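Asker: Pasted the sequence and its predicted model underneath.
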Amino acid sequence: MKWDSRHAASTVRKYLPLSPCWRDIVFVVGCGRSGTTLLGELLGGHRNVHYLNEPRDRWAALSEVTDDIDLFGTGRGRMFFSAGDAMPEHVTRFERLFGVRDPGAARTLVEKLPQNCFRIPWLRRLASQAKFLHIVRDWPDVVASIARLSLDDSYTIAGRPLLNRWWGSRYAKLDRFIEELAGSNLIPIRSADLCSIPTTEADYAKLAACEWYASIQAVHAARDLLGADFLEIRYEDLVANPRGVLSCVYDFLELRRDGGDLDRAIREVKTGPHAAAAPASVAGALRDACESLRIELGYDPRPALPSAPVNDKLRAGSSPARSSERIAVLFERFGPYHHARVRAAAAAMPVHAIEIFRQDDTYAWDVLPEQGDYPKETLFPHPTGSAGQRHDALWRALDRAAPAVIAVPGWAYWYSHASLGWARKHGAKMIVMSETTRADRDRAAARELTKRAILAGFDAALVGGTPQWRYMVELGFPPERIELGYDAVDNDYFIRGSDEARRDGAATRERFDLPPRFLLTSCRLIRRKNVGGLLRAFAVYRGRTGDAACDLVVMGDGPEKASLVALAEQLGITPHVRFMGFRQYPDLPAIYAMATAFILPSLTEPWGLVVNEAMACGIPVLASDTAGCARDFVVPGETGWRFHPTDTARLAELLSAVSADSRLTARMGEAARRFIRDWGPDRFARGLAAARETALGSPSMDLSLGARLVLRAAALR
């Protein structure tokens, strides 16, 4: 479903004539699962109240950025709004879609949307005389309820299982929540410490506690703004004494206390489930803060509970179970990254490496000398041979290795399909290693169905990060069989090399003919890498900054080079742009070390290992938000910034920001290096070992006839 404001506006007309008049406009706010629905429905039973329960289409018609769960597919929604976000057109649309206040009118409008607790200053601008009802509930009950709902991915959009019952379409609300908390002081822990790929009820409980705490803090921060137009009640008081609490609410809203209305409302009151104790997974500073806030709200103190670790499976440094079962690891070609990963894996388990081609036409890496760190064989010196010859060569290599588990990169390649065939014949288990995300390209329904059929032949998965994990789940892969850590580089190599280069920066610059201050990008010069977009933003930045601006170094080669050189000439920035061509692996740490910052401007990018390299070398990163690594690596204002790849003005602003303050740049570079330390080859080894144990310990998935036919056809290509 795509965003269409005309559709949203026509949808709301079904419910309410446009521009009605109300005696009062009332917003019911509070953390979800705190009783907002109960309170709204009780008020809706009054004869002079019109109740709107979560009118998301109406809010989306007012502004698409209100769509925090991405229900309409814009990808632009937000949770937090300030008074400064209220535009004049928002006020006009609010009056058209929700109505205007008229003291002479007979009825009152009551609207309920839990997310509005983060938007009170904005709402106050839209409806300056509106009243606000805030309902709170004891935090263990709210946390338990949210955690249960968070495990439900059964909601569908257009027949696709894309809507998590709590966190929205493709977990959009979770992404917004964690990202926007980073710029606030609403929770007592760092947002970076929250699990962005929750898999267990304990993971969700910690997120739910943060939502409960942040919701109440946001509402309380706006109390002074609301004055006498604010009333706070407790859920527990409402269900214990509905007549007394509703009478107080009626008085606050100046609703007539009609006995029939009260009696009908009270009959609807049902007590929700009660948590016997606070969840042990919410511990430390977060639990202490929640307990302190609940006491402030008037609840009795609870006894202390022992803390418990959350999500051990995903914590860096955890040791996987060991097994003597051999795993075959395939890559089309072994470059420096692949060698570093497999070497780390071989230190943890028996590994047999298979390289399809020693050289290819895509990357100009030097051929790696054999290291002897693990058994490895290469099938062909370069891309050659018929499909049948390649298939037979791979099967013979697998016969020699006799692995219990096979790990292959991706599901779309001939060697993946051939390996699946061998595994099915010999009873081996299969691991798919993937960095693919939904945003990589347009997704056709027929291709997605084919992917689902092929993925049904795999027993476990090893993926890069958050977007990759979510895409696998969206394709129907069991989340408990997905591990993290696929996309890693040799961090220690880049740390050592960059530190050595900085010891004599002048000599390093002279060796590579580098300018005194420069911004760096490194990629193949092809269209989707969007170097042209970077050049345009750089021209805007140079025009604003003048001689104080950094130069730009473009490292890499490809078919677009001539047109990019011509574009630089056209933009008048040729004296300040250097195309230095492809550089071999030994040169990279020194070049990164001399840069002020690194930019990845790609239109689409499954991951972006150059970001790993840059962060290990201690420089901040500006990354396109379509890059697969950006969501996990780029913490805005801490390790770098993210931007939309076609937003030239925003990228130009970020180029100015990252180059203007050397102290800020140094601080962000240090933070980037600290962050990336946990994403090295050891993380790949842990993830692969965990995926191997998952595969060996899980029954093979049942394949439908259609899936078997797809796999058979794929293996024959």
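Answerer: Looks like it came in fine.
Asker: What is the longest helix seen in the chain packed up against?
Answerer: For the chain, the helix that runs over the most residues, judged by DSSP state H, is helix 201-221. For helix 201-221, the packing partners by 3 or more C-beta pairs under 8 Å, 6 or more residues apart in numbering; DSSP states H and E come out as helix 139-150, helix 172-181, helix 284-296. In this view, the C-beta of every residue, glycine as well, is placed from N, C-alpha and C.
Asker: now that helix: mean pLDDT?
Answerer: Computed over helix 201-221, the mean pLDDT rounds to 90.
Asker: Kindly calculate the angle that that helix makes with helix 172-181.
Answerer: 60 degrees (axes from the mean of the first three to the mean of the last three C-alpha atoms, to 10 degrees).
Asker: and helix 201-221, how far out from the chain's middle?
Answerer: 18 Å (C-alpha atoms, centre = their mean, to the nearest Å).
Asker: go on, stretch 473-482?
Answerer: Counting by C-alpha atoms, centre = their mean, stretch 473-482 comes out at 16 Å from the chain centroid.
Asker: what's the first-to-last distance across that stretch?
Answerer: This stretch, stretch 473-482, spans 9 Å end to end (C-alpha to C-alpha, to the nearest Å).
Asker: Check stretch 552-561 too.
Answerer: 15 Å.
Asker: got the contact list for it?
Answerer: 364, 514-515, 518-527, 529, 531-532, 534-535, 538, 564, 573, 576-583, 591, 595 (C-beta atoms under 8 Å, 6 or more residues apart in numbering).
Asker: Which among the residues you listed count as buried?
Answerer: When the contacts of stretch 552-561 are checked for burial by 16 or more other C-beta atoms under 10 Å, the buried set is 514, 518-525, 529, 531-532, 534-535, 538, 564, 573, 576-580, 583, 591, 595.
Asker: Now mean pLDDT, mean neighbour count and distance to Gly73 too, for the helices and strands packed on helix 201-221, in TSV please.
Answerer: Below are the helices and strands packed on helix 201-221 laid out as TSV (pLDDT from 0 to 100; neighbours: other C-beta atoms under 10 Å; distance: least, C-beta to C-beta, whole Å):
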stretch	mean pLDDT	mean neighbour count	distance to Gly73
helix 139-150	88	23	21
helix 172-181	79	22	10
helix 284-296	88	17	33
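Asker: Dump these to CSV, plus distance to Gly497.
Answerer: Shown next, in CSV, are the helices and strands packed on helix 201-221 (distance: least, C-beta to C-beta, whole Å):
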stretch, distance to Gly497
helix 139-150, 43
helix 172-181, 32
helix 284-296, 38
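Asker: closest one to Asn491 among those?
Answerer: Comparison of these against Asn491 by C-beta to C-beta identifies helix 172-181 as nearest, at 24.1 Å.
Asker: what about that closest one, distance to the chain center?
Answerer: 8 Å.
Asker: And stretch 172-187, by the same measure?
Answerer: 11 Å.
Asker: what sits up against it?
Answerer: So stretch 172-187 is contacted by 68-70, 75, 77-80, 164, 166-168, 191-192, 194, 196, 198, 207, 210-211, 213-214, 217-218, 286, 289, 466, 631, 635-638 (C-beta under 8 Å, 6+ apart).
Asker: Mean confidence (pLDDT) on the host helix or strand of Arg692, please.
Answerer: Assessed by DSSP states H and E, Arg692 sits inside helix 681-697. For helix 681-697, the mean per-residue pLDDT is 94.
Asker: now for it, which elements pack on it?
Answerer: strand 327-331, helix 336-346, strand 405-409, strand 429-434, strand 460-463, strand 482-484.
Asker: make it 6 Å
Answerer: If you count contacts as 3 or more C-beta pairs under 6 Å, 6 or more residues apart in numbering; DSSP states H and E, helix 681-697 packs onto helix 336-346, strand 429-434, strand 460-463, strand 482-484.
Asker: got the angle for it vs strand 405-409?
Answerer: 130 degrees.
Asker: Mind listing what's buried along helix 681-697?
Answerer: For helix 681-697, using 16+ other C-beta under 10 Å, the buried residues are 681-696.
Asker: For the stretch 351-500 of the chain, which segments count as helices?
Answerer: 387-401, 414-426, 445-455, 466-474, 491-503 (DSSP state H, counting those that start in this stretch).
Asker: which of these sits most buried?
Answerer: Most buried of these by mean neighbour count (mean count of other C-beta atoms under 10 Å) is helix 466-474; its value is a mean of 24.
Asker: quick one on the thing from earlier: send the alpha carbons of the helix or strand just after the longest helix of the chain over as PDB?
Answerer: The element immediately downstream of helix 201-221 (helix or strand, assigned by DSSP H and E) is helix 223-226. C-alpha atoms of helix 223-226 as PDB (Å, rounded to 0.1, in the frame of the first residue of the first chain):
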ATOM      1  CA  ARG A 223       2.100  19.600  31.800                       C
ATOM      2  CA  ASP A 224       3.100  23.200  32.400                       C
ATOM      3  CA  LEU A 225       2.100  24.000  28.800                       C
ATOM      4  CA  LEU A 226      -1.400  22.600  29.400                       C
END
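Asker: what sits up against helix 223-226?
Answerer: Applying C-beta atoms under 6 Å, 6 or more residues apart in numbering, the contact partners of helix 223-226 are 124, 132, 230.
Asker: give me the number of residues near the residue nearest to the last one when sequence neighbours are not counted?
Answerer: Think Phe230. Closest residue to Phe230 in three dimensions, ignoring its sequence neighbours and counting by C-beta to C-beta, 6 or more residues apart in numbering: Phe132, at 5.0 Å. Using other C-beta atoms under 10 Å, Phe132 is surrounded by 22 other residues.
Asker: residues contacting Phe132?
Answerer: Phe132 is in contact with 27, 226, 230, counting by C-beta under 6 Å, 6+ apart.
Asker: Could you tell me which of the contacts of stretch 552-561 are located in helices?
Answerer: 531-532, 534-535, 538, 564, 591.
Asker: which two in these are spaced the farthest apart?
Answerer: Gly532 and Ile591 (21.8 Å).
Asker: What pairs with the helix or strand harbouring Leu109, parallel or antiparallel?
Answerer: Following DSSP H and E, one finds Leu109 within strand 108-112. Applying DSSP bridges, strand 108-112 is found paired with strand 24-29 (parallel), strand 49-53 (parallel).
Asker: any idea how far it is from the chain center?
Answerer: With C-alpha atoms, centre = their mean, you get 33 Å for strand 108-112.
Asker: Dig out what the residue nearest to Phe230 forms beta bridges with.
Answerer: Going by DSSP bridges, Phe132 forms beta bridges with Phe27, Phe230.
Asker: and the gap between it and Trp122?
Answerer: Per C-beta to C-beta, to the nearest Å, Phe132 is found 12 Å from Trp122.
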